[in-house]
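Asker: Got a sequence here, can you model it:
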Amino acid sequence: MATCKISNYTVSPTEEFFFDTNIWMFLFAPLAGARQNKQKAYSKLLGDIISRGATIWINSQVVAEYVNRCLRMEYEVWRKDPQNCNGNFKHDFRQTEDYQSTLRDTKAQVSAILQKSTRYPDDFHTIDVEGIISSMGTSLDYGDAVIVDLCKRKKYKLVTDDGDMTNTEFSFDVITA
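Answerer: Numbers count the residues shown, from 1 in each chain. Next comes the predicted model:
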(Lines give C-alpha, C1' and ligand atoms only; values in the text may rest on other atoms or scores of the structure.)
Protein backbone atom coordinates (compact mmCIF):
# COMPACT_ATOMS: atom_id res chain seq x y z
CA MET A 1 0.00 0.00 0.00
CA ALA A 2 1.07 3.58 -0.27
CA THR A 3 1.43 6.75 1.69
CA CYS A 4 -1.31 9.18 0.76
CA LYS A 5 -1.52 12.92 1.36
CA ILE A 6 -4.62 14.12 3.22
CA SER A 7 -5.33 16.61 0.44
CA ASN A 8 -5.79 13.67 -1.98
CA TYR A 9 -7.83 11.51 0.37
CA THR A 10 -11.58 11.02 0.63
CA VAL A 11 -12.96 9.28 3.71
CA SER A 12 -15.42 6.42 3.31
CA PRO A 13 -17.90 5.60 6.12
CA THR A 14 -16.70 1.98 6.35
CA GLU A 15 -13.03 2.80 6.86
CA GLU A 16 -11.14 2.28 10.09
CA PHE A 17 -8.29 4.56 11.12
CA PHE A 18 -5.62 4.57 13.77
CA PHE A 19 -4.19 7.96 14.75
CA ASP A 20 -0.57 7.97 15.88
CA THR A 21 0.20 9.96 19.03
CA ASN A 22 1.67 12.84 17.04
CA ILE A 23 -1.68 13.40 15.33
CA TRP A 24 -3.50 13.69 18.67
CA MET A 25 -0.75 16.15 19.69
CA PHE A 26 -1.49 18.31 16.65
CA LEU A 27 -5.21 18.17 17.39
CA PHE A 28 -5.36 18.62 21.17
CA ALA A 29 -2.02 19.54 22.78
CA PRO A 30 -1.17 23.20 23.32
CA LEU A 31 1.52 23.53 20.68
CA ALA A 32 1.16 27.32 20.55
CA GLY A 33 0.30 27.52 16.86
CA ALA A 34 3.17 25.35 15.70
CA ARG A 35 2.68 24.01 12.19
CA GLN A 36 -0.78 25.46 11.78
CA ASN A 37 -1.09 24.09 8.25
CA LYS A 38 -0.69 20.54 9.59
CA GLN A 39 -3.03 21.22 12.49
CA LYS A 40 -5.67 22.38 10.00
CA ALA A 41 -5.15 19.39 7.71
CA TYR A 42 -5.44 16.83 10.51
CA SER A 43 -8.39 18.69 12.03
CA LYS A 44 -10.20 18.59 8.69
CA LEU A 45 -9.50 14.86 8.36
CA LEU A 46 -10.82 14.28 11.88
CA GLY A 47 -13.97 16.20 11.02
CA ASP A 48 -14.42 14.24 7.79
CA ILE A 49 -14.01 10.91 9.60
CA ILE A 50 -16.52 11.88 12.28
CA SER A 51 -19.06 13.34 9.84
CA ARG A 52 -18.93 10.23 7.63
CA GLY A 53 -19.26 7.86 10.58
CA ALA A 54 -15.93 6.11 10.05
CA THR A 55 -14.03 4.71 13.05
CA ILE A 56 -10.88 5.97 14.74
CA TRP A 57 -9.24 3.38 16.99
CA ILE A 58 -6.98 4.18 19.93
CA ASN A 59 -5.09 2.02 22.41
CA SER A 60 -3.65 2.57 25.86
CA GLN A 61 -0.14 2.92 24.43
CA VAL A 62 -1.15 6.05 22.49
CA VAL A 63 -2.88 7.50 25.55
CA ALA A 64 0.22 6.83 27.67
CA GLU A 65 2.49 8.42 25.04
CA TYR A 66 0.19 11.44 24.78
CA VAL A 67 0.06 12.05 28.54
CA ASN A 68 3.80 11.55 28.93
CA ARG A 69 4.62 13.88 26.01
CA CYS A 70 2.35 16.67 27.29
CA LEU A 71 3.84 16.51 30.77
CA ARG A 72 7.41 16.30 29.44
CA MET A 73 6.89 19.31 27.16
CA GLU A 74 5.78 21.40 30.13
CA TYR A 75 8.70 20.06 32.15
CA GLU A 76 11.11 21.30 29.47
CA VAL A 77 9.50 24.76 29.66
CA TRP A 78 9.72 24.69 33.46
CA ARG A 79 13.42 23.73 33.33
CA LYS A 80 14.26 26.80 31.24
CA ASP A 81 13.78 28.91 34.35
CA PRO A 82 17.31 29.28 35.82
CA GLN A 83 16.12 28.25 39.30
CA ASN A 84 14.73 24.99 37.86
CA CYS A 85 17.49 24.09 35.40
CA ASN A 86 18.70 21.18 37.52
CA GLY A 87 15.22 20.10 38.56
CA ASN A 88 14.21 16.46 38.36
CA PHE A 89 10.93 15.52 36.67
CA LYS A 90 9.68 13.11 39.35
CA HIS A 91 11.12 14.67 42.49
CA ASP A 92 10.85 18.37 41.69
CA PHE A 93 8.52 19.13 38.80
CA ARG A 94 5.71 16.81 39.92
CA GLN A 95 5.43 18.83 43.14
CA THR A 96 4.70 22.10 41.32
CA GLU A 97 1.50 23.88 40.37
CA ASP A 98 2.78 23.91 36.76
CA TYR A 99 2.68 20.11 36.80
CA GLN A 100 -0.77 20.00 38.43
CA SER A 101 -2.15 22.51 35.94
CA THR A 102 -0.70 20.63 32.96
CA LEU A 103 -2.01 17.36 34.34
CA ARG A 104 -5.53 18.81 34.66
CA ASP A 105 -5.38 20.12 31.08
CA THR A 106 -4.00 16.82 29.80
CA LYS A 107 -6.75 14.83 31.50
CA ALA A 108 -9.35 17.04 29.80
CA GLN A 109 -7.61 16.58 26.45
CA VAL A 110 -7.53 12.79 26.85
CA SER A 111 -11.21 12.82 27.72
CA ALA A 112 -11.94 14.71 24.49
CA ILE A 113 -9.76 12.30 22.49
CA LEU A 114 -11.56 9.29 23.94
CA GLN A 115 -14.91 10.81 22.95
CA LYS A 116 -13.78 10.93 19.32
CA SER A 117 -12.23 7.48 19.18
CA THR A 118 -13.01 3.86 19.91
CA ARG A 119 -10.88 2.02 22.42
CA TYR A 120 -9.02 -0.94 20.99
CA PRO A 121 -8.69 -3.58 23.70
CA ASP A 122 -5.07 -4.20 24.51
CA ASP A 123 -4.34 -7.76 23.62
CA PHE A 124 -0.77 -8.05 24.80
CA HIS A 125 -1.23 -11.76 25.42
CA THR A 126 -1.92 -12.30 21.70
CA ILE A 127 0.73 -10.00 20.23
CA ASP A 128 3.90 -11.53 18.82
CA VAL A 129 6.23 -9.40 20.95
CA GLU A 130 9.31 -11.27 19.79
CA GLY A 131 8.30 -10.70 16.17
CA ILE A 132 7.67 -7.04 16.83
CA ILE A 133 11.04 -6.63 18.51
CA SER A 134 12.80 -8.47 15.70
CA SER A 135 11.06 -6.20 13.15
CA MET A 136 12.55 -3.12 14.78
CA GLY A 137 15.35 -1.50 12.86
CA THR A 138 16.93 1.88 12.63
CA SER A 139 13.69 3.66 11.78
CA LEU A 140 10.98 2.10 13.97
CA ASP A 141 11.06 2.09 17.75
CA TYR A 142 9.04 -0.42 19.78
CA GLY A 143 5.96 1.81 20.02
CA ASP A 144 5.95 2.39 16.27
CA ALA A 145 6.42 -1.34 15.62
CA VAL A 146 3.41 -2.16 17.84
CA ILE A 147 1.26 0.32 15.90
CA VAL A 148 2.47 -1.08 12.58
CA ASP A 149 1.66 -4.61 13.77
CA LEU A 150 -1.86 -3.56 14.84
CA CYS A 151 -2.59 -1.71 11.58
CA LYS A 152 -1.28 -4.65 9.58
CA ARG A 153 -3.39 -7.22 11.46
CA LYS A 154 -6.58 -5.14 11.49
CA LYS A 155 -6.09 -3.40 8.12
CA TYR A 156 -6.45 0.03 9.73
CA LYS A 157 -5.36 3.12 7.86
CA LEU A 158 -2.58 4.75 9.85
CA VAL A 159 -2.70 8.53 10.19
CA THR A 160 0.72 9.78 11.22
CA ASP A 161 3.15 12.64 10.84
CA ASP A 162 6.13 10.46 11.73
CA GLY A 163 8.67 10.55 8.91
CA ASP A 164 9.93 7.09 9.86
CA MET A 165 6.50 5.69 9.16
CA THR A 166 5.56 7.81 6.13
CA ASN A 167 8.81 6.91 4.36
CA THR A 168 8.35 3.16 4.78
CA GLU A 169 6.28 0.82 2.63
CA PHE A 170 3.66 -1.13 4.60
CA SER A 171 0.86 -3.55 3.71
CA PHE A 172 -1.72 -0.93 4.78
CA ASP A 173 -2.40 2.69 3.87
CA VAL A 174 -0.59 5.52 5.63
CA ILE A 175 -2.16 8.98 5.53
CA THR A 176 -0.21 12.15 6.30
CA ALA A 177 -0.26 15.89 5.76
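Asker: Next, the buried residues of the lowest-mean-pLDDT helix or strand in the chain.
Answerer: In the chain, no helix or strand scores lower on mean pLDDT, DSSP states H and E than helix 163-166, which sits at a mean of 81. Residues of helix 163-166 classed as buried: 165, 166 (neighbour count, 16 or more other CB atoms under 10 Å). (C-beta placed from N, C-alpha, C; glycine too.)
Asker: Let me see the confidence value for the residue nearest to the spatial centre of the chain.
Answerer: Centroid-nearest residue in the chain, with CA atoms, centre = their mean: residue 21, separated by 0.7 Å. At residue 21, the predicted lDDT confidence score is 96.
Asker: what do you get for residue 155?
Answerer: Looking at residue 155, its pLDDT stands at 94.
Asker: Can you name the residues that contact it?
Answerer: By CB atoms under 8 Å, 6 or more residues apart in numbering, the residues touching residue 155 are 16, 172.
Asker: List phi and psi for it.
Answerer: With angles defined as degrees, to the nearest 10, residue 155 sits at phi 60, psi 40.
Asker: hey, where'd the strands end up in this structure?
Answerer: Per DSSP state E, the chain carries strands over the ranges 3-5, 16-19, 55-58, 118-119, 157-159, 174-176.
Asker: now the helices for this structure?
Answerer: 21-28, 36-52, 60-79, 97-116, 129-135, 142-154, 163-166 (DSSP state H).
Asker: Identify, out of these, the most deeply packed stretch.
Answerer: Counting by mean count of other CB atoms under 10 Å, helix 21-28 has the highest mean neighbour count of the helices of the chain, with a mean of 22.
Asker: Need the residues that contact that helix.
Answerer: 31, 35, 38-39, 42-43, 46, 62, 65-66, 69-70, 109, 112-113, 143, 159-162.
Asker: Could you measure from residue 94 over to residue 167?
Answerer: 37 Å (CB to CB, to the nearest Å).
Asker: What ranges in the chain fall below the confidence cut-off?
Answerer: In the predicted model of the chain, residues 1, 32-33 satisfy pLDDT under 70.
Asker: burial of the nearest residue to residue 72 once chain neighbours are set aside, as a residue count?
Answerer: Once flanking residues are discounted, residue 72 sits nearest to residue 89: 7.4 Å by CB to CB, 6 or more residues apart in numbering. For residue 89, the neighbour count with other CB atoms under 10 Å is 14.
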